[in-house]
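Participant: Build me a model:
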Amino acid sequence: MIQNYEKAHFNVMANGFLIWALITAISASILKFALRIITRRRNRKRAVGFFHPYTNDGGGGERVLWCAVKAIQEESPDLGCVVYTGDHDASPQSLTARALDRFGVNLLYPPEVVHLYQRKWIEETTYPHFTMIGQSLGSVYLSWEALCKFTPLYYFDTSGHAFTYPLARIFGCKVMCYTHYPTISLDMISRVRERSSMYNNDALIARSIWLSRCKIFYYTIFSWMYGFVGSCAHLVMVNSSWTQSHIDNLWRISHRTKRVYPPCDTSGLQVLPLERPAIAPTIISVAQFRPEKAHALQLEAFSVALGKLDADMPRPKLQFVGSCRNKSDEERLQNLKNRATELNVDGDVEFFENVMYRDLVRLLAGAVSGIHSMTDEHFGISVVEYMAAGAIPIAHNSAGPKLDIVLEEDGRQTGFLARSVEEYADAILKIIRMPETERLKMAAAARKRAGRFSEQRFYQDFKASIRPILCHGSK
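Facilitator: Just a heads-up that it's a prediction; the model follows:
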């Protein structure tokens, strides 16, 4: 009895000691964390830190980054500009040259660079399942690395990583963001509820009632979390009417939300002649090789259009122009090439990967039409670029192109909207068969419409939006 009592007493003492040690360790970690935050808050640098882990994606988001950096440099020359990037070969000089060569943006001076080494935690390949929540939580860890290395007075997210905003506020930063599209939207939840199979809703889930209900629950919880973290921003800039509607519904800070259309190179493209070479008409597609861009639909539509082409009509060409972010994009590009061979149109299709800006302008100058097929494209910079260059757009009948871009100008049609393969094919044929005088009139109207989305308009609206935050933060 005495031995059992002593043994029980020892176990209680041991467990108590372990609990005490655990509480002490947790308390020490919390204290260490708090002291580190306090130190970083006190040592904030008078600078704007741009959180943009991929500075080589080549898309519209990267253009916004460099234009935003330039706007800050012009508006507040005394503020430093720092770019957080996971591209280890990036340097102030290389990023400055990239901004000019790829996007035609001439920065006033090179930005500082803070290299991030934990970018794998925001890559979609890291999370085969529950990708959204995985990438979102991973972005918090990545921003912790960024803010510990350099704590700015202003934290500016240009990549849509809203889950980093509460952490940036804990570090004492004024949080600003440019949101291209919501991480989750009511449309996404509706598609799961309707059991529609798309790039963000696997066919296996779409076929199962039980799995669909589980995903609806997951999306609902995630949308609540997304709404909370997004509301932590001091200033939100959105790129379109569609994005603004969703962000207002989710974040509920409409008084701190401004619509600022993204910078499109309308001035540089508007000098191109509207007349096109009399040889085979060219249709161009400019977009990153990502799944949501639906390149396969364009290829299918082009094949259908060729099948319906009149014998006396010139045979058109289709040019895919885009960038690859990673191995998955490269595989997607190769699959597209293979599909062109299967459809027996590989001789009529050309692929251009990671082209320089001057080469993109040259390609746009020779196109009679530009095609874009992403469903719920938040804005559509490439659609505006088509219009500015004189290429008649064929865009998806949803979101940004439908609500903001491909609208009548002075009562004249500026392009075509489509949804299905057949509708895209019909639009292609209409443009090819269009008399030259009619095509020139539509192209001129489209070019005038594109002027509403110029870089000059972006700089004007962007500076007006950030001015109150910069003035308040400097006090």
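Participant: Now do the SS call for Tyr155.
Facilitator: Following DSSP: H, G, I helix; E, B strand; the rest coil, the label given to Tyr155 is strand.
Participant: Verify the stated contact: it with Phe51.
Facilitator: Yes - Tyr155 is within contact range of Phe51, at 6.8 Å (criterion: CB atoms under 8 Å). For glycine as for every other residue, the C-beta is placed from the backbone atoms N, C-alpha and C.
Participant: what sits in contact with each of these two?
Facilitator: Taking CB atoms under 8 Å, 6 or more residues apart in numbering as the criterion, Tyr155 and Phe51 both touch Thr164.
Participant: Let me see the ranges of the strands in the protein.
Facilitator: 45-51, 80-85, 112-115, 152-157, 174-179, 235-238, 257-259, 282-286, 317-322, 349-353, 369-371, 392-396, 416-418 (DSSP state E).
Participant: Of the ones you listed, which is nearest Trp210?
Facilitator: Nearest to Trp210 among the strands of the chain is strand 392-396 (31.3 Å), distances taken as CB to CB.
Participant: Sheet partners, orientation included, of that closest one?
Facilitator: Counting by DSSP bridges, the strands paired with strand 392-396 are strand 369-371 (parallel), strand 416-418 (parallel).
Participant: for the record, mean pLDDT for that strand?
Facilitator: Strand 392-396 comes out with an average pLDDT of 97.
Participant: coming back round to it: of the strands paired with strand 392-396, which stretch is the most buried?
Facilitator: Among those, ranked by average contacts under mean count of other CB atoms under 10 Å, first place goes to strand 369-371 (a mean of 29).
Participant: Let's have the strands paired with strand 392-396 in a markdown table, adding mean pLDDT.
Facilitator: A markdown table is the format used below for these (pLDDT from 0 to 100):
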| stretch | mean pLDDT |
| --- | --- |
| strand 369-371 | 97 |
| strand 416-418 | 97 |
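Participant: Of these, which is nearest Ser245?
Facilitator: strand 416-418 (18.6 Å).
Participant: what's the neighbour count on Glu94?
Facilitator: Check again: residue 94 is Ser, not Glu. 15 (other CB atoms under 10 Å).
Participant: related to what we said a few turns ago, in CSV, list the strands paired with strand 392-396 along with distance to Pro393.
Facilitator: Shown next, in CSV, are the strands paired with strand 392-396 (distance: least, CB to CB, whole Å):
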stretch, distance to Pro393
strand 369-371, 5
strand 416-418, 7
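Participant: so where's the stretch 301-450 of the chain uncertain?
Facilitator: Scanning the stretch 301-450 of the chain for pLDDT under 70 picks out no residues.
Participant: if we can go back for a sec, any chance of the strands of the chain in JSON lines, with distance to Glu342 too?
Facilitator: Below are those laid out as JSON lines (distance: least, CB to CB, whole Å):
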{"stretch": "strand 45-51", "distance to Glu342": "41"}
{"stretch": "strand 80-85", "distance to Glu342": "38"}
{"stretch": "strand 112-115", "distance to Glu342": "42"}
{"stretch": "strand 152-157", "distance to Glu342": "41"}
{"stretch": "strand 174-179", "distance to Glu342": "38"}
{"stretch": "strand 235-238", "distance to Glu342": "40"}
{"stretch": "strand 257-259", "distance to Glu342": "43"}
{"stretch": "strand 282-286", "distance to Glu342": "18"}
{"stretch": "strand 317-322", "distance to Glu342": "15"}
{"stretch": "strand 349-353", "distance to Glu342": "12"}
{"stretch": "strand 369-371", "distance to Glu342": "20"}
{"stretch": "strand 392-396", "distance to Glu342": "23"}
{"stretch": "strand 416-418", "distance to Glu342": "23"}
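Participant: Can you say which of the ones you listed is packed in most?
Facilitator: Ranked by mean neighbours (mean count of other CB under 10 Å), the strands of the chain are led by strand 369-371, with a mean of 29.
Participant: Near the residue nearest to Gly86 when sequence neighbours are not counted, how many residues? Count them for me, please.
Facilitator: Of all residues not flanking Gly86 in the chain, Arg119 sits nearest, at 3.2 Å (CB to CB, 6 or more residues apart in numbering). Arg119 sits with 20 neighbouring residues when counted by other CB under 10 Å.
Participant: what do you get for the one 4 residues further on?
Facilitator: As a burial measure, Glu123 scores 18 neighbours (other CB under 10 Å).
Participant: quick one, domains of this protein?
Facilitator: For the chain, automatic domain parsing gives the domain ranges 42-263+456-473, 266-452.
Participant: Just the terminal-to-terminal distance for the last one.
Facilitator: Distance between the boundary residues of domain 266-452 (CA to CA, to the nearest Å) amounts to 9 Å.
Participant: which residue ranges form the helices in the stretch 351-475 of the chain?
Facilitator: For the stretch 351-475 of the chain, applying DSSP state H, counting those that start in this stretch gives helices covering 357-365, 381-389, 399-400, 421-433, 436-450, 455-473.
Participant: Most tightly packed of the ones you listed?
Facilitator: helix 381-389 (a mean of 29).
Participant: got the angle for it vs strand 317-322?
Facilitator: On the basis of axes from the mean of the first three to the mean of the last three CA atoms, to 10 degrees, helix 381-389 is oriented at 130 degrees to strand 317-322.
Participant: Mind listing residues that contact helix 381-389?
Facilitator: Residues outside helix 381-389 that contact it (CB under 8 Å, 6+ apart): 60, 63, 262, 264-266, 269-270, 272, 284, 286-287, 361, 364-365, 367, 369-370, 372, 377, 392-393, 395, 400-401, 405-406, 414-415, 446-447, 449-451, 453.
Participant: pull the CA atoms of stretch 60-80 into CSV?
Facilitator: C-alpha atoms of stretch 60-80 as CSV (Å, rounded to 0.1, in the frame of the first residue of the first chain):
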residue,chain,number,x,y,z
GLY,A,60,-1.1,41.9,-64.9
GLY,A,61,-0.4,41.7,-61.1
GLU,A,62,3.3,42.3,-61.7
ARG,A,63,2.5,45.3,-63.8
VAL,A,64,0.4,46.7,-61.0
LEU,A,65,3.4,46.1,-58.6
TRP,A,66,5.8,48.2,-60.6
CYS,A,67,3.3,50.9,-61.4
ALA,A,68,2.5,51.1,-57.6
VAL,A,69,6.2,51.3,-56.8
LYS,A,70,6.6,54.2,-59.3
ALA,A,71,3.5,56.0,-57.9
ILE,A,72,4.8,55.8,-54.4
GLN,A,73,8.2,57.1,-55.6
GLU,A,74,6.5,60.1,-57.3
GLU,A,75,4.0,60.8,-54.5
SER,A,76,6.5,60.5,-51.5
PRO,A,77,10.1,60.7,-52.7
ASP,A,78,11.2,60.5,-49.0
LEU,A,79,9.7,57.0,-48.6
GLY,A,80,11.8,54.0,-49.3
